[in-house]
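[1] Have a look at this fold, sequence not included:
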């Protein structure tokens, strides 16, 4: 892994987490749809990272978010789930022996692939997040609705950001 | 044994997931319970500093509205003082508390972090152990309305479990007929201006626009206005009714709060801990 890639990811971590904590924490539609755009950092981590490191990064990211949200453990568990889904999805869809591209961005992988990838990861993350936060089944359908709306909102913002920083590789 | 290792290393993603996910869930559950040792939250030095610095900017932007609300409160207090003086001169009676000093004392605090968008919301204030804050102290907002209970305390900061949290229950009563219920937020509703009163016995008549005040049975002093009844038609199917209320205070613009120190709180909890049926 080149040092440029490492630096890019560190910068991305800071920007996305600051964006989440300082701005998006206060943003929601009717308290129903709350975006969690920081997961874009976990989505865009390079292909070549070993699984253990991937989990450790997700764990640390989640813990940082939890400290700022005062919800110890909730974001951590959600991020770890996201990484699990990420690993499964990538192992199914991308051939293992030669990654042509360094990281799974929209420009590298194409719109269809990225949307499905982001969709699965986002909803895995949000389902764990909202249900752990609520921690009771009496509000099941309501939590599910909240989760769905927030998921759509997050997905929209993630795709939007990816399109803004879109740069197609010449194939 | 070798096969086992091959098996584990082949599906390492899954096993790592189990390990880390379990840690996450354990942290969550521990954070929900009363005995909590880990303090990775906004009473933490680093996290608190970030919010404190951010708040400097926000404070200036809201200076106007905060000033207005304080002026209104000042005016109200001044009229009350005047009224009290009038009574005193006429009767010359000094009302003394049993302990000789007021049971409740107020301590003002600035909100440095607030959230309303989650299922469980917390507020961080700039007072801590050094100012005599302890856990479970009640917190109210300056004009009217309840805010919540102190959850964690560090040296100079404290987190408040706001009313907008699944575990916050506050004992309230209707001003008109003293029917007592339990104030909760967020059952299939995430509007931060609305809350529910549960467990009001069915035989009480509740009307729209009835004022709701704290009952004095929890740690809050009695008679703090909380809100007005906005919906009485919620069916529960048992002997108790649920009533929807509009809260007086707006959580989204909370800038200053009062922490209430209750002189007799410790005494009360010690006494009530002896009761066999209380939890």
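    Okay, I see it. Quick caveat: nothing in here was measured; it's all calculated off a predicted structure. Numbers count the residues shown, from 1 in each chain, chains lettered A, B, ... in the order given.
[2] nearest spatial neighbour of residue 70, skipping sequence neighbours?
    Went with chain A since none was named. residue B:122 (3.9 Å; C-beta to C-beta, 6 or more residues apart in numbering or on different chains). Any C-beta I mention is one placed from the backbone N, CA and C, and that applies to glycine too.
[3] actually it's chain B I care about, not the one you picked
    Once flanking residues are discounted, residue B:70 sits nearest to residue B:142: 6.9 Å by C-beta to C-beta, 6+ apart.
[4] nearest residue to the residue positioned nearest the centre of chain A other than its sequence neighbours?
    Central residue of chain A (C-alpha atoms, centre = their mean): residue A:39, 2.4 Å from the mean position. Using C-beta to C-beta, 6+ apart and skipping the chain neighbours, the partner closest in space to residue A:39 is residue A:125 (5.5 Å).
[5] Then residue B:17?
    With C-beta to C-beta, 6+ apart as the criterion, residue B:17 has its nearest non-adjacent residue at 4.0 Å, and that residue is residue A:84.
[6] Let me see the residues that make contact with the helix or strand containing the one you found.
    Secondary structure from DSSP states H and E places residue A:84 in helix A:74-93. By C-beta atoms under 8 Å, 6 or more residues apart in numbering or on different chains, the surrounding residues in contact with helix A:74-93 are A:39, A:42-43, A:47, A:51, A:54-55, A:57-59, A:61-63, A:65-66, A:69, A:104, A:113, A:116-117, A:120-122, A:124-126, A:128-129, A:132-133, B:13-14, B:17, B:20-21, B:23-25, B:27-28.
[7] Return a PyMOL selection command for the buried portion of these.
    To isolate the buried ones among those in PyMOL, judged by 16 or more other C-beta atoms under 10 Å in any protein chain shown, type:
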select buried, (chain A and resi 39+42+43+51+54+55+57+58+59+61+62+63+65+66+69+104+117+121+122+124+125+126+128+129+132+133) or (chain B and resi 13+17+20+21+23+24+25+27+28)
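[8] hang on, the earlier thing: who touches the residue nearest to the centre of chain A in this structure?
    By C-beta under 8 Å, 6+ apart, the residues touching residue A:39 are A:79, A:82, A:121, A:122, A:125, A:154, A:158.
[9] Mind checking which of the residues you listed land in helices?
    Of the contacts of residue A:39, the ones assigned to helices by DSSP state H are A:79, A:82, A:121, A:122, A:125, A:154, A:158.
[10] wait, residue B:171 sits on residue B:183?
    Yes - the criterion here is C-beta atoms under 8 Å, and residue B:171 meets it with residue B:183 at 7.4 Å.
[11] Which one's more surrounded, those two?
    residue B:183 (26 against 18; other C-beta atoms under 10 Å in any protein chain shown).
[12] residue ranges with poor pLDDT in the chain?
    If you meant another chain, say so; for now it's chain A. For chain A, the stretches with pLDDT under 70 are A:1, A:96-100, A:167-171.
[13] Please refer instead to chain B.
    Within chain B, the segments meeting pLDDT under 70 span B:32-41, B:83, B:85-102, B:277-279.
[14] Mind jotting down where the helices sit in it?
    Along chain B, counting by DSSP H, helices occupy B:2-10, B:12-32, B:45-61, B:63-91, B:265-273.
[15] between those, which one is nearest to residue B:253?
    Nearest to residue B:253 among these is helix B:63-91; the distance by C-beta to C-beta comes to 6.9 Å.
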